[in-house]
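Chemist: everything below, folded, please.
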Amino acid sequence: MTNYPVRMARWSAGHPWRAIAGWFLFVVLCLGAGIAVGSHPATSADFGVGEAGRGEAIAREGGLAQRPVERVLIEHRGGTARLDRTEGGALARDVTERMRKLPEVRSVAAPVWSKDGRAVRVDVTMKGAELDGKKHVDPLRAQTAAVQKAHPGLRVEETGGPSISQGVDKLRGSDLSRTEMIALPITLLTLLFVFRSVAMATVPLLLALTSIAASIGLSMLASHVFPDAGVGTNVILLIGLAVGVDYTLFYLKREREERARAQGRLSPQALVELAAVTSGRAVVLSGFAVAVSSATLYLADDVIFSSIATAAIVVTLVAVVSSLTVLPALLAGIGARAERRAARKNRVSPAAEPVRHHALLRLTARHPAAVLTVAVVALLALAAPLLGMKLTDMGRETHSRQTQGMPAFDRLNAAFPEVKASHQVLVRADAGRADEVAGALRSLAAQAQGDPGTNGTYTLRTSPDRRVTSLDLPVPHYVSAKPALDSLERLRERYLPDTVGTLDGRVDSAVTGDVARYADYPEHQKRKLPLIIGALLLVTFAMTVWAFRSVVLGVVGVVLNLLSAAASLGVLTFVFQGSRAEGLLDYHSTGTIGSRVPLFLFVILFGLSMDYQVFVISRIREGVLRGVPTRQAVLDGVGSSAGVVTSAAFVMVTVFASFVSLHFIEMKQIGFSLAVAVLLDAFVIRVLILPALMLLLGERSWWPARRNGPRRAGNPADRIMANVG
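Modeler: From the prediction side, this is the model:
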């Protein structure tokens, strides 16, 4: 682990142009290969979880799966006057004729009038799978726009799953572009403040952006093994800029420290090699920790989290590779140029600055027990709202109204409440029992007729091979509404067992549909959460023990990560489950937290926390290996690394906080929680709690490795310095 970064740095610094050219060739090849092969998007079958997923599988088997549906709404612009039957009927027929001519259209249903006579709608079923509709919806929207243009006195608009999904993609793309415009300049200004050099500030951004480009290409290749759920690029941008800048920052700062300490006695190549011994090792350990932590998301057995895990692993490892290969070459070149410029001006290299202990660290050194107690109690207080956290999936009705199709979605649901959601009951049995199954489902529909969660109508369909029968029940409530969820519970626990459940022989049944999808996904995540958190704790413990040969530090790492994650989730719950910050953060509270947010936060935070943990403890351990008492090593290690950690944290917080400006509430929650988590981890955990704990533990911090004393002879940095002469 120590020698590999040194060998890579030695070769890179000795062959700078080869290393630089090789890196950019690698980036071009990765991106080119990804574009040539293309990505493999997840299909409807990949998204299924729980009973809803099982029902969808039965429906696909019988050719009864939900298809992409667009709905054209016709009404007066004010929406209050009754629509003339003759005029409205003529427009509906015009829409129907136009849509039937399109190759993308499978069928067009007869026009349906609202109960109050103020609107008429035309339902258009598209060809292909449900998730593919957004790719082919433009011709339908063009025809709707043509009808609207021909009849400006009425409002003719189109909405539906395909339109809204396409709108979500467009709005998310524009949001991400805006976050880049925010994050990149702030990151550059931060780096300029840290290094006081345009060249040194540009290097981290350049490597981060090229790492992101290579990772996008590699993730497209990886999607053929782990299908892309549409979130991979978002994660690569979110994680890539953060870790890419972090890893480069760790390396750059150490090289500058060693240059100041050497006072011209070492060549630029030797300085880079010396930085590789320390920060190079920390980068490898940190990157490996993030990758392994992210891999625990595969345990979620969910295509979205598998896609997130793949993206996080790829971009982290690529960022590590860039730090080990091309960064030493760039540093050696910048260092050589700086030396030549100094020689021309007869300047002496600046002396190494002494380690400065800032006020908080001095306070911790004087009163470690008091600081530890106050900091832990404060974090526990921040974590308290976590006990009242409510997890739900974010239904379509929570989307920003700036999303394409959403204003029409609201007007359509107001005029036709029965299209808000649906239940779909699937039954699979022998073909000869189709009539028996249909009779049982009619009995079920009769029981559900008076249920407040349904509208009393139903549709019965049987597959061509008569093995699968479907009962569709419209639900006049949004999927998140209590009547809809209660009706799902009654359907599964009462109506289905009382009817289909009484059939003899082998009969498979399941309830799916919009409400079931909404309800089953959070339950699936809740069941998987203990497994993944357990794996994370084990990984964090094992990585820390392996890196520092200390069981005590392994336990400390686990406890501190849990503490910072709990506190950030508590703050998230306090802010987003209420309406306290709606105006400030531009969101409309759903009273819940997105079901994906806690799991995503735990995994990514545990990985990123290892960045700071490895970097800070590595600096402390360097002092211990030189024979410095643990107390002084803690103070010097934290003091010398505080500036880097603060700068890196500021970059990360900027990147994550920029996601709060996105229009989608779940992305806002993810960005907000990660920003809070990094702030707490960098400024409370690493500056207050970790040093206070280690000061109180003293030499016991290194148990059991410390019993054998420091291993000075094995320190590669000492060997490099010994060769100076």
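Chemist: could you list the low-confidence segments of this structure?
Modeler: Residues of the chain meeting the criterion pLDDT under 70: 1-2, 263-264, 335-358, 706-725.
Chemist: nearest spatial neighbour of the residue most central in space within it, skipping sequence neighbours?
Modeler: By C-alpha atoms, centre = their mean, the chain has its centre lying nearest to residue 235, at 5.2 Å. For residue 235, ignoring the flanking residues on the chain, the nearest one in space by C-beta to C-beta, 6 or more residues apart in numbering is residue 311 at 3.9 Å. (C-beta placed from N, C-alpha, C; glycine too.)
Chemist: hmm, that neighbour is touching residue 223, no?
Modeler: No: between residue 311 and residue 223 there is no contact under C-beta atoms under 8 Å: 9.5 Å.
Chemist: next, count neighbours for residue 491.
Modeler: Applying other C-beta atoms under 10 Å, we find 25 other residues in the vicinity of residue 491.
Chemist: my guess is it contacts residue 422, does it?
Modeler: No: Residue 491 is not in contact with residue 422 according to C-beta under 8 Å; the separation is 11.5 Å.
Chemist: related to what we said a few turns ago, quick one: the residue nearest to the centre of the chain and residue 398, what's the gap?
Modeler: The spacing between residue 235 and residue 398, counted by C-beta to C-beta, to the nearest Å, is 21 Å.
Chemist: need the contact list for residue 105.
Modeler: Each residue near residue 105 by C-beta atoms under 8 Å, 6 or more residues apart in numbering is listed here: 99, 124, 125, 126, 127, 140.
Chemist: got it, and residue 582?
Modeler: By C-beta under 8 Å, 6+ apart, the neighbours of residue 582 are 588, 589.
Chemist: 10 Å - rerun?
Modeler: 575, 576, 588, 589 (C-beta atoms under 10 Å, 6 or more residues apart in numbering).
Chemist: do the same with residue 467
Modeler: 58, 61, 62, 427, 428, 429, 430, 431, 432, 433, 434, 437.
Chemist: list residues touching both of residue 491 and residue 422?
Modeler: Shared contacts of residue 491 and residue 422, defined by C-beta under 10 Å, 6+ apart, are found at 454, 473, 513, 515, 516.
Chemist: tell me which element the last one falls in.
Modeler: The one in question is residue 516. Residue 516 is part of helix 514-548 when elements are defined by DSSP states H and E.
Chemist: for that helix, buried residues please.
Modeler: 514-525, 528-529, 532-533, 535-537, 539-541, 543-545, 547-548 (16 or more other C-beta atoms under 10 Å).
Chemist: with stretch 220-239 instead?
Modeler: 220-223, 226-239.
Chemist: same check, this time on stretch 105-113
Modeler: In terms of neighbour count (16+ other C-beta under 10 Å), stretch 105-113 has its buried residues at 105, 108, 111, 112, 113.
Chemist: I'd say the second one and residue 95 touch.
Modeler: Yes: taking C-beta atoms under 10 Å as the definition, residue 108 is a contact partner of residue 95 at 8.1 Å.
Chemist: shared neighbours of these two, anything?
Modeler: Jointly contacting residue 108 and residue 95 under the rule C-beta under 10 Å, 6+ apart are 72, 122, 124.
Chemist: and the nearest residue to residue 26 once chain neighbours are set aside, what element?
Modeler: Closest residue to residue 26 apart from its sequence neighbours, by C-beta to C-beta, 6+ apart: residue 214 at 6.4 Å. Residue 214 is part of helix 198-222, with elements assigned from DSSP H and E.
Chemist: against which helices or strands is that helix packed?
Modeler: Counting contacts by 3 or more C-beta pairs under 10 Å, 6 or more residues apart in numbering; DSSP states H and E, helix 198-222 packs against helix 16-37, helix 161-195, helix 232-262, helix 303-344, helix 630-658.
Chemist: returning to what we had before: ok, which pair from the contacts of residue 582 is furthest apart?
Modeler: 575 and 588 (13.3 Å; C-beta to C-beta).
Chemist: how about residue 621, what does it touch?
Modeler: 278, 547-550, 553, 614, 630, 633, 637, 701-702, 705, 710.
Chemist: what's near enough to touch the residue nearest to residue 26?
Modeler: Contact analysis of residue 214 by C-beta under 10 Å, 6+ apart lists 23-24, 26-31, 34, 236, 240, 314-315, 318-319, 321-322.
Chemist: filter these down to the buried ones.
Modeler: Buried subset of the contacts of residue 214 (neighbour count, 16+ other C-beta under 10 Å): 23, 26-27, 30-31, 34, 236, 240, 314-315, 318-319, 321-322.
Chemist: alright, calling it a day.
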